[in-house]
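1. Have a look at this prediction, sequence included:
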Amino acid sequence: MVEMVSGCYGRMGMIHLRSEPQVECFTRWWGWWPGWCYYVDEWVNERRGGDGGKLHGRDACAVGYWKVSGDGVLENGSVRIAIISDIHGNMVALNAVLTEIDREEGIEGIICLGDIIGYGPDPIDCVDTVIERCDWSLMGNHDFGVVYEPTNFNPGAAAAAFWTRAQFEAEGDMALRKKRLDFLMGLRVRVKFGPDDSFLAVHGSPRRPINEYIFPDDAINASLKIQQIFERVDRFAVVGHSHVPGVFTDEPDFYDPIELKEHFTFQEGEKCIINVGSVGQPRDGDPRASYVILEDGGVTFKRVGYEIDPVAEKIRAVPELNDWLADRLYEGR
Ligand SMILES: [Fe+2]
């Protein structure tokens, strides 16, 4: 069943978890249009209330109440939150990360920056675990691709998205199926949190929250792009999407976690964008799962090894999931 949504940017198809032929038709029809991803970002953002929704109620409590000193530097060492992203249906990696987070002292919340599903063999378990363990999550392009439209996906990624959609469709318990769908379709794309809302959380970039990549090379090769992105950042932003962890500053510059010795201290008057890396499919040459601990004054990059073999075997057992998706886990790329 395909339900057309009117009043938005053109012919967006809202899909109730059925890979009907029309849906693939939309993908082909829109796929050539370079501006399409921009409209996806803005369309979803509009549906989430313009700014993607500020924290309220339970969300606000989840990240505590940070104090800010007169010069704007965070103080009060009591608040620590874990930020994960890009799980991509890799339940073994997610379990390894959550086990490590549980061992950390004083973690007051866990937030997820999206791409819970897509590519990996355990999408249902990952969604159920994020619902249970995370205070909130954002919508990534793959979450969007599964429940709405696999926009600008290559054939392998689109096949993985349709297979993932079929896993949710196969759920016989209608209440459970609805719960998962409601969760995925209700994910926000832009959330502000922390003291004075000084942290912006998006999956891709502050400019195009679902689909735009910020690559380390952009700090050197695309300074105008970085400048325009930083114009949309009040002080700090946390992102995923590229699967490459590190810190962008508004100099502009990029610092990888090795260079930083795994810790970055916030500097007065300096804006920064923190990429937390990927739990389920790292692409920085290190196959270990990546996440960060955000606390007053700085951010610490974490890596956790996990057993890749069972994940790779599951991927290879599914014809719709390309074997390359298994191979790349070993190489971290
Ligand atoms: Fe991703």
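-> Alright, I've got the coordinates. Numbers count the residues shown, from 1 in each chain.
2. For the rest of this, base every contact and every neighbour count on C-alpha atoms.
-> Noted.
3. how would you label the residue nearest the centre of the chain: helix, strand or coil?
-> In the chain, the residue lying closest to the centroid (CA atoms, centre = their mean) is residue 114, at 2.7 Å. Of the three states, residue 114 takes coil under DSSP: H, G, I helix; E, B strand; the rest coil.
4. Confirm for me that it is in contact with residue 201.
-> No. Using CA atoms under 8 Å, residue 114 makes no contact with residue 201, being 10.1 Å away.
5. circling back: need phi/psi at the residue nearest to the centre of the chain.
-> Main-chain torsions, residue 114, degrees, to the nearest 10: phi 100, psi -180.
6. show me the contacts for the residue lying closest to it once chain neighbours are set aside.
-> Spatial nearest neighbour of residue 114, chain neighbours left out: residue 140 (4.3 Å); criterion: CA to CA, 6 or more residues apart in numbering. If a contact means CA atoms under 8 Å, 6 or more residues apart in numbering, then residue 140 has 86, 113, 114, 115, 116, 189, 203, 204, 210, 211, 241 as its contacts.
7. The first one contacts residue 280, doesn't it?
-> It refers to residue 86. Yes. The pair residue 86 / residue 280 is scored as a contact, 6.2 Å apart, by CA under 8 Å.
8. ok, back up a step: let me see the contact set for the residue nearest to the centre of the chain.
-> Going by CA under 8 Å, 6+ apart, residue 114 touches 85, 86, 87, 137, 138, 139, 140, 141, 143, 203, 240.
9. hmm, try it at 7 Å
-> Residue 114 makes contact with 85, 86, 137, 138, 139, 140, 203, according to CA atoms under 7 Å, 6 or more residues apart in numbering.
10. And for residue 330?
-> Contacts here follow CA under 7 Å, 6+ apart; on that basis residue 330 touches 287, 308.
11. touching the ion at all, the helix or strand that contains it?
-> In this assignment (DSSP states H and E), residue 330 forms part of helix 324-331. No. Helix 324-331 stays out of contact with the ion when judged by CA under 5 Å from the ion, the minimum separation being 12.5 Å.
12. What mean pLDDT does that helix get?
-> Average pLDDT, helix 324-331: 98.
13. CA atoms only: put it into PDB for me.
-> What follows is helix 324-331, C-alpha atoms only, in PDB (Å, rounded to 0.1, in the frame of the first residue of the first chain):
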ATOM      1  CA  TRP A 324      30.800  -6.700   0.200                       C
ATOM      2  CA  LEU A 325      28.800  -5.600   3.200                       C
ATOM      3  CA  ALA A 326      30.400  -8.400   5.200                       C
ATOM      4  CA  ASP A 327      33.900  -7.900   3.700                       C
ATOM      5  CA  ARG A 328      34.000  -4.200   4.600                       C
ATOM      6  CA  LEU A 329      33.400  -4.900   8.300                       C
ATOM      7  CA  TYR A 330      36.800  -6.600   8.600                       C
ATOM      8  CA  GLU A 331      38.500  -3.700   6.800                       C
END
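14. So which bits of it are buried?
-> 325, 326, 328, 329, 330 (16 or more other CA atoms under 10 Å).
15. ditto for stretch 137-156
-> Buried, per 16+ other CA under 10 Å, within stretch 137-156: 137-153.
16. Now do the same for that stretch: mean pLDDT, whole number.
-> If you average the pLDDT values across stretch 137-156, you get 95.
17. centre of the chain versus that stretch, how much separation?
-> Mean-position distance between stretch 137-156 and its chain equals 11 Å (CA atoms, centre = their mean, to the nearest Å).
18. Also stretch 320-329?
-> 20 Å.
19. swap in stretch 121-138?
-> On CA atoms, centre = their mean, the centre of stretch 121-138 falls 12 Å from the chain's centre.
20. Just the C-alpha atoms of that stretch, please, in PDB.
-> Only the C-alpha atoms of stretch 121-138 are listed here, as PDB (Å, rounded to 0.1, in the frame of the first residue of the first chain):
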ATOM      1  CA  PRO A 121      21.400  -8.500   9.300                       C
ATOM      2  CA  ASP A 122      19.600  -7.700  12.600                       C
ATOM      3  CA  PRO A 123      17.500  -4.600  12.000                       C
ATOM      4  CA  ILE A 124      14.600  -5.700  14.200                       C
ATOM      5  CA  ASP A 125      16.800  -6.400  17.200                       C
ATOM      6  CA  CYS A 126      18.700  -3.100  16.800                       C
ATOM      7  CA  VAL A 127      15.400  -1.100  16.600                       C
ATOM      8  CA  ASP A 128      14.100  -2.900  19.700                       C
ATOM      9  CA  THR A 129      17.300  -2.300  21.600                       C
ATOM     10  CA  VAL A 130      17.500   1.400  20.700                       C
ATOM     11  CA  ILE A 131      13.900   1.800  21.800                       C
ATOM     12  CA  GLU A 132      14.800   0.200  25.100                       C
ATOM     13  CA  ARG A 133      18.200   1.600  25.800                       C
ATOM     14  CA  CYS A 134      18.400   5.000  24.100                       C
ATOM     15  CA  ASP A 135      16.800   8.200  25.500                       C
ATOM     16  CA  TRP A 136      16.200   9.300  21.900                       C
ATOM     17  CA  SER A 137      17.300   8.800  18.400                       C
ATOM     18  CA  LEU A 138      17.400  10.800  15.200                       C
END
